[in-house]
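J.: requesting a structural model of the entry that follows:
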Amino acid sequence: MSRPGLYGLMAEFDTADGIVRAAREVHARGYRKVDAYTPYPMEEVTEALHLHKTRVPLVVLCGGILGLLFGWGLQWYTAVVDYPINIGGRPTYAWPAFVVPTFETTVLFSAFAALFGMLALNGLPRPYHPVFNVPAFARASRDRFFLAVESGDPKFDLDATRTFLRSLGAVEVSEVDQ
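T.: Numbering: from 1, shown residues only. Here you go, the predicted structure:
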């Protein structure tokens, strides 16, 4: 089991191939609360950890639908209920005139939903993360590769996970405190 105040374990690798192999092994072993930190984007690590699932498209769709309903509803309410004007005998509910502004509110709400949904789902803004407590993590943006296994993972056992990460060829395995 893990001790209180422990965020997890972090394994340091010195090669890109090493972290890719380790990520595959960690996922194959059943760990799911895992994150990788690399100096440049690596699609292989993302695929190995199966991290492609995202809810941002659903959030954007909901924002777009909300924008469509808001744009159309605002124009309908203004033209039909609040301030109806008879212009040349045309009906107050002239839907073709509503199309372009409704499209614009749909795009606007979708864009805001994408921005704020992405920030919320990524837990941003987050000025501090527990992995910053590991001194070696300062090299993550230069030449080292890190794989962190959170203590909240159901398969996490402090000693067994540490031994497993070392067996994957990690240069160093560090405890990450909260």
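J.: CA only for contacts and neighbour counts going forward, please
T.: OK.
J.: residue contacts, the closest residue to Val99 other than its chain neighbours?
T.: Nearest in space to Val99, with sequence neighbours left out and distances taken as CA to CA, 6 or more residues apart in numbering, is Trp72 at 8.0 Å. Trp72 makes contact with Phe98, Val99, Thr102, according to CA atoms under 8 Å, 6 or more residues apart in numbering.
J.: hang on, Trp72 in a helix?
T.: Yes: checked against DSSP: H, G, I helix; E, B strand; the rest coil, Trp72 lies within a helix.
J.: state which strand of the chain is the longest.
T.: The residue-count maximum for a strand in the chain (DSSP state E) belongs to strand 6-13.
J.: chain center to it, what's the gap?
T.: How far strand 6-13 lies from its chain's middle: 20 Å, per CA atoms, centre = their mean, to the nearest Å.
J.: ok, then the element right after it?
T.: In the C-terminal direction, the helix or strand that comes right after strand 6-13 (DSSP states H and E) is helix 16-28.
J.: in CSV, could you pull the C-alpha coordinates for the following helix or strand past that following helix?
T.: Proceeding C-terminally, helix 16-28 gives way to strand 34-37 as the next helix or strand, assigned by DSSP H and E. Output in CSV follows, covering the C-alpha atoms of strand 34-37 (Å, rounded to 0.1, in the frame of the first residue of the first chain):
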residue,chain,number,x,y,z
VAL,A,34,0.0,6.9,-15.3
ASP,A,35,1.4,10.0,-17.0
ALA,A,36,4.5,10.5,-19.1
TYR,A,37,6.7,13.6,-19.3
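J.: for the record, mean pLDDT for strand 34-37?
T.: Strand 34-37 carries an average pLDDT of 94.
J.: try stretch 118-133
T.: Confidence over stretch 118-133 (mean pLDDT, whole number) is 90.
J.: now swap in stretch 167-178 and tell me
T.: Stretch 167-178 comes out at a mean pLDDT of 93.
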